[in-house]
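In: Build me a model:
(one chain, ligands or ions: 2)
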Amino acid sequence: MNATQITCITSASRAGKWRAAARYIPAMSLAVRLLGTSASRPTVERNVASVALVREGETLLFDCGEGTQRQMMRYGVSFALGDLFFTHFHADHVIGVIGLMRTMALQGRTEPLRLWGPRGASRMLKRAEDFGMDRLTFPLEVTELEPGQRVERADYAIVPFAVDHRGARAVGYVLEEKDRKGRFNPDLARELGVPEGPLWGQIHRGLPVTLEDGRTIESSRLVGAPRPGRRVAITGDTRPCATTVDASRGADLLVHEATFGNEEAERAVETGHSTAREAGLVARDAGVTTLLLTHFSARYSRDAAELGQEARECFSGTVYVGRDGMEIDVPFRV
Ligand SMILES: [Zn+2]
Ligand SMILES: [Zn+2]
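Out: Ligands and ions are numbered 1, 2, ... in the order given. This is a model prediction of the structure:
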């Protein structure tokens, strides 16, 4: 059962009705799967940076540290992905793309792979394409993105935003779903004599239906007002910054790096990273629902619980301390 249904169910009978409606009205799943949660280098417990965002069966990958392909196998993330977004080109976020592309070629992939990243992406990723002798079996499309340059898709957009990371042209990304259709009322549909089946889907798509007895039922009678889509922000490496607050304002989920704890606050400044507390402050200022911490220094590899505690001291929403393989569902707001 997906998260959308979970949020909608208030009783067993309601659950049954929703399951009936869901056969004709797709319930859109959205989940974030952490593939690597370690900063700079892998440890026994954690691999380096990569985040998979799986929406309605489509996989989008964000960063691809060394060994990401093996993490994908381990945690069931499809290789049939079309888009890989890079936040920046420090080694712990990019080296894995070489091996991943080689494996895709060995599998005989022919569909294009689209790589996206901040300025400098073309030069860097061209090297990755040439590395390893054999030619790829599929076209590689590399696009450099400026902050604010939206990548539009049918139901959502990916929007890069500038972050503050050691002078690198680093960006974070927001996945912004477009508004979705209003809620369908299965009880009223039955009352009006609209038979359960494809007509329900037709009404939900905004089309009127004509019943066997000649009555025409307008969609607006059975479907509520459009509802806002979900938003997920992924920072990559960064100091806490106003651009992240702006980009993730009101987001359902913020995936923020938290390389250090309070005791290493100075090192966070020196290295262009954030402490967990700073990530918590950004989440608080942006008013997000859920904060997911990742990109931990090796010293927290075994136990990063204290980082969660430090973030919770300033952010009252839900805080998750990331670990490799962790999956967070992003439900619609009711
Ligand atoms: Zn990093
Ligand atoms: Zn970095």
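
In: what about stretch 326-333, how long is it end to end?
Out: The first residue of stretch 326-333 is 22 Å away from its last residue (CA to CA, to the nearest Å).

In: Apologies, that question was intended for stretch 159-172.
Out: This stretch, stretch 159-172, spans 8 Å end to end (CA to CA).

In: what do you get for stretch 112-121?
Out: For stretch 112-121, the first-to-last residue distance is 17 Å (CA to CA).

In: Give the phi and psi angles for the closest residue to ligand 2 within the stretch 151-300 of the chain, as a check.
Out: As assessed by CB to the ion, ligand 2 sits closest to residue 237 within the stretch 151-300 of the chain, at 3.6 Å. Any C-beta I mention is one placed from the backbone N, CA and C, and that applies to glycine too. Backbone torsions for residue 237, taken as degrees, to the nearest 10, come to phi -80, psi 130.

In: Now do the same contact list for it.
Out: Residues near residue 237 by CB atoms under 8 Å, 6 or more residues apart in numbering: 39, 87-88, 90, 93, 163, 165-166, 168, 170, 257, 259, 272-273, 295.

In: Any regions of the stretch 51-200 of the chain where pLDDT drops low?
Out: 133 (pLDDT under 70).

In: Filter the contacts of residue 237 down to the buried ones.
Out: 39, 87-88, 90, 93, 163, 165, 168, 170, 257, 259, 272-273, 295 (16 or more other CB atoms under 10 Å).

In: Next one: the residue lying closest to residue 284 once chain neighbours are set aside from ligand 2, what distance?
Out: Setting aside the residues directly before and after it, residue 284 is nearest to residue 315 in space (CB to CB, 6 or more residues apart in numbering), at 4.6 Å. Distance, residue 315 to ligand 2, by CB to the ion, to the nearest Å: 23 Å.

In: again, but for residue 128
Out: Counting by CB to the ion, the gap from residue 128 to ligand 2 is 17 Å.

In: Please apply the same query to residue 138.
Out: According to CB to the ion, residue 138 and ligand 2 sit 28 Å apart.

In: Skipping adjacent residues, who's closest to that residue in space?
Out: residue 109 (4.5 Å).

In: Count the neighbours of the one you found for me.
Out: Neighbour count for residue 109, taken as other CB atoms under 10 Å: 17.

In: tell me the secondary structure for it?
Out: coil (DSSP: H, G, I helix; E, B strand; the rest coil).

In: wait, doesn't it sit right on residue 137?
Out: Yes. The pair residue 109 and residue 137 passes the contact test of CB atoms under 8 Å, sitting 5.8 Å apart.

In: Tell me the residues on the protein that lie near ligand 2, please.
Out: Residues of the chain lying close to ligand 2 (CB under 5 Å from the ion) are 90, 237.

In: For the chain, just list every one of the helices.
Out: 3-8, 12-22, 68-74, 91-94, 96-106, 121-130, 186-191, 198-204, 219-222, 242-247, 265-271, 276-286, 305-312 (DSSP state H).

In: got the contact list for the residue in the stretch 51-200 of the chain that ligand 1 sits nearest to?
Out: Using CB to the ion, residue 92 is the residue of the stretch 51-200 of the chain that sits closest to ligand 1, at 4.4 Å. For residue 92, the contacting residues are 38-41, 48-49, 65-66, by CB under 8 Å, 6+ apart.

In: ditto for residue 141
Out: Contacts of residue 141 (CB under 8 Å, 6+ apart): 112-115.

In: which of those residues has the most neighbours?
Out: Neighbour max across these (other CB under 10 Å) = residue 115, 25 neighbours.

In: Can you read off the backbone torsions of the nearest residue to residue 238 once chain neighbours are set aside?
Out: Counting by CB to CB, 6+ apart, residue 238 lies nearest to residue 163, which is 3.6 Å off, once chain neighbours are set aside. Note on residue 163: backbone dihedrals following degrees, to the nearest 10 are phi -120, psi -180.
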